[in-house]
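Participant: Just to be clear, the model below is a prediction. Sequence and coordinates:
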Amino acid sequence: MRLTLRQLQIFVAIAQSGSATAAGEHIALSQSAISAAIAELERTVNVQLFDRVGKRLQLNDHGRAMLPQAMAVLNSAESLEQSYLGTAPSLLIIGASLTIGNYLLPRLLADYWHSHGMVLGDVTPPLQVVVANTADIAAKVAGFEVDIGLVEGPCHRPDVAVMPWLQDELLLVAAPGHPVAREYGEHLIPSERLATSNWLLRERGSGTRDALEQALLPHLPQLRSTLEFNDHEAIKQSAVQGLGIACLSRFVVADALETGRLVKLKTVFGSLNRRFSLLVHHQKQLTPGMQDFIDYAAKGIASV
């Protein structure tokens, strides 16, 4: 085998930074050494991997095809090396979609680190968190940018393993003074009336938006909306102000329901349930630290 891990490391560094100079600064090699390694790699695979645009190196179609394979090989090699280092320190990167990242993950992390005897507040846990919508987190798992993804929406990427994690209930809510809430109170709201109301929606790519559309669009001609948000809290507060009907996780609206700022709407659709999922790349090597967190999340969240 003529390919080397060093060549693949240099290839990935250039792909991520866009130039030999920036890649050299990242992995402490001279620009000439970087250029020589890439030239040798391209000779080995017998194709060009980059388009040369001035001083920049832009991945071409061959390079884009190689990048995920190269990242998977490097990840496996790093995991193999770490497995022989015993208790070598690790830094987990967790990606979470917005409902989970804002309303579940902080408590889960606090409980997790308390269980490991860590006194929080002064000590920095060896973990990073990325919060984005479901589609973005799935893409980051696929690109090896995060180790573990916790998402509320479906993921159909063939390179990502999806593990069922936690059951969630989506509630249709509105302010007590909203016309629909005043008209129907505790009675069932017909779908025709919901179709004429204004909806407060998440952006496309959101797990909550996907679940809502899958459940309601077969029964409603449309979800009328002039307001879209990329944040659950903004939707909740807009609903409290009477701007429209919202569909949100029970974790998001629990406080507003308890104080009476929002009411649950009774509809012909009944409960809208969905499953939170845990994502890991198919080729990701599970380190002891990753497996420990996954095992704790699987049982520790039951108390939330």
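Facilitator: Received the coordinates, thanks.
Participant: Please report how far Tyr103 lies from Glu183.
Facilitator: 31 Å (C-beta to C-beta, to the nearest Å). (C-beta placed from N, C-alpha, C; glycine too.)
Participant: what about the two, which has more around it?
Facilitator: Tyr103 (20 against 10; other C-beta atoms under 10 Å).
Participant: Would you agree that one is in contact with Arg250?
Facilitator: No: assessed by C-beta atoms under 8 Å, Tyr103 is found out of contact with Arg250, at 9.7 Å.
Participant: and stretch 163-181, how far out from the chain's middle?
Facilitator: Chain-centre distance of stretch 163-181: 21 Å, with C-alpha atoms, centre = their mean, to the nearest Å.
Participant: Please save the CA atoms from it in PDB.
Facilitator: The C-alpha trace of stretch 163-181 is given here as PDB (Å, rounded to 0.1, in the frame of the first residue of the first chain):
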ATOM      1  CA  MET A 163     -30.200   4.900  17.500                       C
ATOM      2  CA  PRO A 164     -33.700   5.500  19.100                       C
ATOM      3  CA  TRP A 165     -33.200   7.500  22.300                       C
ATOM      4  CA  LEU A 166     -36.100   9.200  24.000                       C
ATOM      5  CA  GLN A 167     -39.900   9.600  23.400                       C
ATOM      6  CA  ASP A 168     -41.200  13.200  23.100                       C
ATOM      7  CA  GLU A 169     -44.700  14.600  22.700                       C
ATOM      8  CA  LEU A 170     -45.400  17.600  20.500                       C
ATOM      9  CA  LEU A 171     -48.200  19.900  21.800                       C
ATOM     10  CA  LEU A 172     -50.400  22.300  19.800                       C
ATOM     11  CA  VAL A 173     -50.600  25.400  22.000                       C
ATOM     12  CA  ALA A 174     -51.900  29.000  21.900                       C
ATOM     13  CA  ALA A 175     -52.500  31.900  24.300                       C
ATOM     14  CA  PRO A 176     -55.700  31.700  26.300                       C
ATOM     15  CA  GLY A 177     -57.000  34.700  24.400                       C
ATOM     16  CA  HIS A 178     -56.300  33.300  21.000                       C
ATOM     17  CA  PRO A 179     -59.500  33.200  18.900                       C
ATOM     18  CA  VAL A 180     -59.300  29.400  18.500                       C
ATOM     19  CA  ALA A 181     -58.800  28.900  22.200                       C
END
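Participant: I'd like the average pLDDT over that stretch.
Facilitator: Taken as a whole, stretch 163-181 has a mean pLDDT of 93.
Participant: Can you point out the buried residues in that stretch?
Facilitator: Buried residues in stretch 163-181, counted by 16 or more other C-beta atoms under 10 Å: Trp165, Leu166, Asp168, Leu170, Leu171, Leu172, Val173, Ala174, Ala175, His178, Val180, Ala181.
Participant: In strands only, show me those residues.
Facilitator: In this view, the buried residues of stretch 163-181 that belong to strands under DSSP state E are Trp165, Leu166, Asp168, Leu170, Leu171, Leu172, Val173, Ala174.
Participant: Is it correct that the fifth one is in contact with Cys247?
Facilitator: Yes: between Leu171 and Cys247 there is a contact at 7.2 Å, judged by C-beta under 8 Å.
Participant: overlap in contacts of the two?
Facilitator: Taking C-beta atoms under 8 Å, 6 or more residues apart in numbering as the contact rule, Leu171 and Cys247 both touch Leu272.
Participant: hey, where'd the helices end up in this structure?
Facilitator: 5-17, 20-27, 31-45, 61-83, 98-103, 105-115, 134-142, 179-184, 191-195, 207-216, 232-240, 250-259, 288-300 (DSSP state H).
Participant: Including distance to Leu92, could those helices go into a markdown table?
Facilitator: A markdown table is the format used below for the helices of the chain (distance: least, C-beta to C-beta, whole Å):
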| stretch | distance to Leu92 |
| --- | --- |
| helix 5-17 | 20 |
| helix 20-27 | 21 |
| helix 31-45 | 30 |
| helix 61-83 | 12 |
| helix 98-103 | 15 |
| helix 105-115 | 10 |
| helix 134-142 | 13 |
| helix 179-184 | 44 |
| helix 191-195 | 42 |
| helix 207-216 | 22 |
| helix 232-240 | 25 |
| helix 250-259 | 23 |
| helix 288-300 | 6 |
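Participant: quick one: Pro190 from Val53, how far?
Facilitator: For Pro190, the distance to Val53 - C-beta to C-beta - is 59 Å.
Participant: Oops, could you answer that again for Tyr184 instead?
Facilitator: Taking C-beta to C-beta, one finds Tyr184 at 61 Å from Val53.
Participant: ok, now which ones touch the nearest residue to Leu41 once chain neighbours are set aside?
Facilitator: In space, and not counting its chain neighbours, Leu41 is closest to Gln7: 4.4 Å by C-beta to C-beta, 6 or more residues apart in numbering. Gln7 sits next to Ala37, Ile38, Glu40, Leu41, Thr44 when contact means C-beta under 8 Å, 6+ apart.
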